[in-house]
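Participant: Please work out how this folds:
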Amino acid sequence: MKKVKPTAMNIASVVIFAIILFAVDLLFLRHLFWERLFVNIGIFLVYLVIFFKFINK
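Facilitator: Numbers count the residues shown, from 1 in each chain. Take a look at the predicted model:
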């Protein structure tokens, strides 16, 4: 099995993060500004924890 380069893994994780953020905004929180802001901040914080713990070794 081939190892993925760290740069490619970082780019892929950022793209996945952007897709998740956009999908949650579009599907669930389209007209709710403050709720959308707080959910986006929460998703971002969870992403940072996962990124630094697992992906960025």
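Participant: starting at the chain centroid, how far to the helix or strand containing Ile11?
Facilitator: Assigned by DSSP states H and E, Ile11 belongs to helix 6-28. Distance of helix 6-28 from its chain centroid, counting by C-alpha atoms, centre = their mean, to the nearest Å, is 5 Å.
Participant: Just the buried residues of that helix, please?
Facilitator: 13, 17, 21 (16 or more other C-beta atoms under 10 Å). The C-beta positions use only the backbone N, C-alpha and C, and glycine is treated the same way.
Participant: surely the last one meets Gly42?
Facilitator: Meaning Leu21. No - if you go by C-beta atoms under 8 Å, Leu21 and Gly42 don't touch, sitting 10.6 Å apart.
Participant: residue contacts, Phe17?
Facilitator: With contact taken as C-beta atoms under 8 Å, 6 or more residues apart in numbering, Phe17 is in contact with 43-44, 47.
Participant: Could you identify which of those has the most neighbours?
Facilitator: Counting neighbours by other C-beta atoms under 10 Å, the top entry in the contacts of Phe17 is Tyr47, with 18 neighbours.
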